[in-house]
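**Student:** Requesting a structural model of the entry that follows:
(one chain, ligands or ions: 1)
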Amino acid sequence: MPTEKCPDCGCCHFYVKDPDDQYNISEFELVEGEIIYSGEEAEGGHLKVDEETETFCDKCAWHDQFKVLKS
Ligand SMILES: [Zn+2]
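**Tutor:** Purely as a prediction, here's the structure:
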């Protein structure tokens with residue numbers, strides 16, 4: 001089983017930032033490897049998350065590329 005949790009605090013709530021607008025974010029939860037968006041929808045719809053997307057933990061200061069959560 002991949003961890004799919006924050007390596008620092010074990011939280012499974014994350015968010016990503018729009019590269020063009022740091023205040024435009026999409027929050028999501030990782031459930032069995034699936035991205036479940038939560039919270040308010042970002043301007044223009046949910047932001048796309050791919051392997052290289054910088055992903056931020058909702059609870060602590062951890063952030064890294066999304067693929068780190070899958071390893
Ligand atoms: Zn964390």
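
**Student:** Now for Glu4, how many residues are close by?
**Tutor:** By other Cβ atoms under 10 Å, 16 other residues sit near Glu4. C-beta coordinates here come from the backbone N, C-alpha and C atoms, glycine included.

**Student:** In contact with it, which residues?
**Tutor:** Shown in contact with Glu4 (Cβ atoms under 8 Å, 6 or more residues apart in numbering): Cys12, Leu30, Glu32, Gly33, Leu69, Lys70.

**Student:** Please report how far it lies from the ion.
**Tutor:** Separation of Glu4 from the ion (Cβ to the ion, to the nearest Å): 12 Å.

**Student:** per-residue confidence for that residue?
**Tutor:** For Glu4, the model assigns a pLDDT of 86.

**Student:** For the chain, which segments count as helices?
**Tutor:** With DSSP state H as the criterion, the chain has helices at 67-70.

**Student:** the longest strand in it is where?
**Tutor:** For the chain, the longest strand by residue count, based on DSSP state E, is strand 21-31.

**Student:** close to the ion, is it?
**Tutor:** No. Under the criterion of Cβ under 5 Å from the ion, the ion is not reached by strand 21-31; the shortest gap measures 12.0 Å.

**Student:** Would you mind pulling the contact partners of that strand?
**Tutor:** Outside strand 21-31, the residues that touch it by Cβ under 8 Å, 6+ apart are 4-5, 12-18, 35-44, 46-47, 49, 58, 69.

**Student:** returning to that earlier point: can you turn the buried part of the contacts of Glu4 into a PyMOL selection?
**Tutor:** A single PyMOL command is used to select the members of these judged buried by 16 or more other Cβ atoms under 10 Å:
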select buried, resi 12+30+69
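
**Student:** Mind putting the contacts of Glu4 into JSON lines with pLDDT?
**Tutor:** As requested, the contacts of Glu4 are arranged in JSON lines below (pLDDT from 0 to 100):
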{"residue": "Cys12", "pLDDT": "93"}
{"residue": "Leu30", "pLDDT": "91"}
{"residue": "Glu32", "pLDDT": "85"}
{"residue": "Gly33", "pLDDT": "84"}
{"residue": "Leu69", "pLDDT": "91"}
{"residue": "Lys70", "pLDDT": "80"}
